[in-house]
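Novice: Can you look at this prediction? I've put the sequence above it.
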Number of protein chains: 2
Amino acid sequence: MRVAGLISGTSVDGIDVAVVDIGDTIQVVAWKTVPYAPEVRKAILSVSNTDTHTATIARLNFLLGELFADALRKGGVPLETIELIGSHGQTIFHEGEPIEFLGHKVASTLQIGEAAVIAERTGIETIADFRPADIAAGGKGAPLVPFLDYQLFRHPELARVALNIGGIANVTVIPANARPEDVIAFDTGPGNMVMDTLATPFDRDGECARAGRVNEALLEQLLADPYYHRDPPKSCGREQYGAEFVRNSGIDVATATGLTVRTIARAIERYPATREVIVSGGGAHNVYLMERLRAVLNPRVTTSAEFGIDVDAKEAILFAVLAYETHHQRASNLPSATGARKPVILGKISKG
Amino acid sequence: MRVAGLISGTSVDGIDVAVVDIGDTIQVVAWKTVPYAPEVRKAILSVSNTDTHTATIARLNFLLGELFADALRKGGVPLETIELIGSHGQTIFHEGEPIEFLGHKVASTLQIGEAAVIAERTGIETIADFRPADIAAGGKGAPLVPFLDYQLFRHPELARVALNIGGIANVTVIPANARPEDVIAFDTGPGNMVMDTLATPFDRDGECARAGRVNEALLEQLLADPYYHRDPPKSCGREQYGAEFVRNSGIDVATATGLTVRTIARAIERYPATREVIVSGGGAHNVYLMERLRAVLNPRVTTSAEFGIDVDAKEAILFAVLAYETHHQRASNLPSATGARKPVILGKISKG
């Protein structure tokens, strides 16, 4: 077997490449050092070794591995019955669109929660780090949930929309009898973020919003934001609807609920064939929000619980399903959702 | 197949666990959120998202993936003939001994150089991140090279020592007819570090040292450092022999060479059965250093080149060999060298 070995050492001079034929003996075919550009070497040294922030990331990565393994142990299912683990870990950085970096175009994402620790503590094969392969293939590394929505909700005759209402709301549009490449996914705008910032304590059922009154003039003004009129694919960041948005707009909780409902409705109206909207995420608990959605949407509005998927569990389920696909050497990104050039096998495998 | 899914979301509330039976259908068996302790949540938020230093690490990780793939392309061997890649990446943090961290004992290591990028650009299965599994199994995540030394140099009748002279010098002691658990490995003390700091320009052949005169009184004083008398396993950090050491001791290049030679000799004398010392690393180019080693050591002194291993290529070759072992589902840490509780399969597999 011809195997390449790559390393960049502590001196950070460059990348050592060795190509070796391995069988009964080890035969070196070629070897070479490819030096770094000075600015790359400088950047590596700037984050290396003694730096406190790098230490925190490294230590947290291992600690989260321990905590993830503990969490699974507390999950209520005997470990001996579990055959495979898919762990998303914790995202600490995500930049799906390439930026200029040291003279290169670079998109990146960074999740921590060491999979080698999860695999060792549980003795179970663990697949993690699902987003990088999609980014490597030119995608944004997100969203990954449309793959699960497609698996769960595709229907030979019914056009459906899976609507997740987290901090941001996003939809997966699944036409009747859809092929994977027919699936469309995008962020519709704010989900619970603006409402949560305004309602204290957290207005899970939406009673604060129900008691308030929508400021129609402000709502119309906010709906003029070109984001809501742009064609998908598109995604909006958390920073867009943070504390600053609340301060600058002077929005109240009733109007925030209105903004979430109207932007969701506008997004779904683009797909008039839709017969069912299947809601998941924290927003599905908001009774008033669900009432308003049912009032303004033509399609039947239900929740993923009708399909056996607890509205809060969908993301964790997603990573079990993605691990299953990777274990079977199958691709599980949807290029129509992430923008990748092609379907790719996601994740990295750690043996238990 | 029963599969667990784990995620900690952007809200950083806790770890979501879902256990799912997957086959023709997807059946949720259990799901739960396990909350974080407040200090863990705070630490995660402190390194998340917008932080510039985290951004640099994330972007460098992807950029190094590109550069590693480029380096392999420049390695002189057609990619189509290569079946597997083992990439060590770039270590930016290593703390093999557990420290107290947020109320837990945590050892950690952090390598960057995104393997998903290498796998995508080359189309070749890439195995990376070799150190975490050993740390997860209670080891120090280093040294890994004794596994290769054992493969290359074990002999039914000859006791051998593989000596690598990098910044730090280290030995792998391989008794005649050794089993893996008989192998001993440790750092002997300074390698080229002190000499390199003193000789400008870099005294590759050792001519500066040869022209100088050893300060015997200072050398005896330095050799009294209890590190050199301690039993292995032991390892010394780069910080121990940096600019400060040079300043404080007032050492010159001839005496520095003497210190390297004497500490190596003292380490090898612990194993009087040794018949051959096989040198690799940058120090093998230092003609004067090699002469001195031959003068003071009883065993025959040769270099790894005699075994077809370029003295500078050993580490890159190591990661090709470790990838090969992992690909064949075999463990490749040596617990007697790393301190791990058991042999474990190292690395994470990214499909090409």
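Specialist: That came in fine, so what should we check first? Numbers count the residues shown, from 1 in each chain, chains lettered A, B, ... in the order given.
Novice: Just give the nearest non-adjacent residue to A:Leu223, would you?
Specialist: A:Arg262 (6.1 Å; C-beta to C-beta, 6 or more residues apart in numbering or on different chains). C-beta here means a position set from N, CA and C on the backbone, and glycine is covered the same way.
Novice: Model confidence score at the one you found, please.
Specialist: What the model reports as pLDDT for A:Arg262 is 97.
Novice: same thing with A:Ala243?
Specialist: pLDDT at A:Ala243 comes out at 81.
Novice: Double-check it against A:Thr197; I have them as touching.
Specialist: Yes. With contact defined as C-beta atoms under 8 Å, A:Ala243 counts as touching A:Thr197 (6.2 Å).
Novice: Which helix or which strand is home to the residue nearest to A:Leu223?
Specialist: helix A:253-269 (DSSP states H and E).
Novice: What distance do you get for the residue nearest to A:Leu223 to chain B?
Specialist: Separation of A:Arg262 from chain B (C-beta to the nearest C-beta, to the nearest Å) stands at 24 Å.
Novice: So what's the residue count around A:Lys351?
Specialist: Counted by other C-beta atoms under 10 Å in any protein chain shown, the residues lying close to A:Lys351 total 21.
Novice: which phi and psi does the residue nearest to it when sequence neighbours are not counted have?
Specialist: With C-beta to C-beta, 6+ apart as the criterion, A:Lys351 has its nearest non-adjacent residue at 4.2 Å, and that residue is B:Ile345. Main-chain dihedrals, B:Ile345, degrees, to the nearest 10: phi -80, psi 120.
Novice: quick one: contacts for B:Ile345?
Specialist: Residues near B:Ile345 by C-beta atoms under 8 Å, 6 or more residues apart in numbering or on different chains: A:Lys351, B:Ala133, B:Glu325, B:Thr326, B:Gln329, B:Arg330, B:Ala331, B:Ser332.
Novice: List, one by one, the residues from the stretch 151-300 of chain A near chain B.
Specialist: Proximity of the stretch 151-300 of chain A to chain B (C-beta under 8 Å from any C-beta of the partner chain) is limited to residues A:Gln151, A:Leu152, A:Gly166, A:Gly167, A:Arg238, A:Glu239.
Novice: Return the subset of the residues you listed lying in helices.
Specialist: Mapping those onto helices (DSSP state H) picks out A:Gln151, A:Leu152.
Novice: Just to check, A:Val296 is in contact with A:Val261?
Specialist: Yes. Using C-beta under 8 Å, A:Val296 makes contact with A:Val261 at a distance of 6.0 Å.
Novice: more neighbours, these two?
Specialist: Between A:Val296 and A:Val261, counted using other C-beta under 10 Å, A:Val261 has the larger neighbour count: 23 against 16.
Novice: just checking, next helix/strand downstream of the helix holding A:Arg262?
Specialist: Beyond helix A:253-269 on the C-terminal side, the first helix or strand identified by DSSP H and E is strand A:274-280.
Novice: what's that next one in contact with?
Specialist: Strand A:274-280 is contacted from outside by A:153, A:158-165, A:173, A:268, A:290, A:293, A:297-304, A:306-307, A:309, A:311-312, A:314, using C-beta under 8 Å, 6+ apart.
Novice: In strands, which of those residues appear?
Specialist: Those of the contacts of strand A:274-280 mapping onto strands are A:Ala159, A:Arg160, A:Val161, A:Ala162, A:Leu163, A:Asn164, A:Ile165, A:Val173, A:Arg300, A:Val301, A:Thr302, A:Thr303, per DSSP state E.
Novice: Pull out the buried residues from those residues.
Specialist: With burial judged by 16 or more other C-beta atoms under 10 Å in any protein chain shown, the buried subset of the ones in strands among the contacts of strand A:274-280 is A:Ala159, A:Arg160, A:Val161, A:Ala162, A:Leu163, A:Asn164, A:Ile165, A:Val173, A:Val301, A:Thr302, A:Thr303.
Novice: and the third one, what does it touch?
Specialist: By that I understand A:Val161. So A:Val161 contacts A:Val171, A:Thr172, A:Val173, A:Ile174, A:Ile268, A:Tyr271, A:Thr274, A:Glu276, A:Val277, A:Ile278, A:Pro299 (C-beta under 8 Å, 6+ apart).
Novice: quick revisit: what about A:Ala243 and A:Thr197, which has more around it?
Specialist: For the pair A:Ala243 and A:Thr197, the greater number of neighbours falls to A:Thr197 (19 against 11), based on other C-beta under 10 Å.
Novice: Show the low-confidence segments of the stretch 1-150 of chain A, by residue range.
Specialist: For the stretch 1-150 of chain A, applying pLDDT under 70 flags the ranges A:49-51.
Novice: any idea where the helices of it begin and end?
Specialist: Applying DSSP state H, counting those that start in this stretch to the stretch 1-150 of chain A gives helices spanning A:38-46, A:52-73, A:115-122, A:131-136, A:145-153.
Novice: With mean neighbour count as added columns, please give those helices in JSON lines.
Specialist: Output for these, formatted as JSON lines (neighbours: other C-beta atoms under 10 Å in any protein chain shown):
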{"stretch": "helix A:38-46", "mean neighbour count": "15"}
{"stretch": "helix A:52-73", "mean neighbour count": "23"}
{"stretch": "helix A:115-122", "mean neighbour count": "27"}
{"stretch": "helix A:131-136", "mean neighbour count": "28"}
{"stretch": "helix A:145-153", "mean neighbour count": "23"}
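Novice: would TSV of those with distance to A:Phe101 be doable?
Specialist: Formatted as TSV, those follow (distance: least, C-beta to C-beta, whole Å):
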stretch	distance to A:Phe101
helix A:38-46	9
helix A:52-73	18
helix A:115-122	26
helix A:131-136	13
helix A:145-153	28
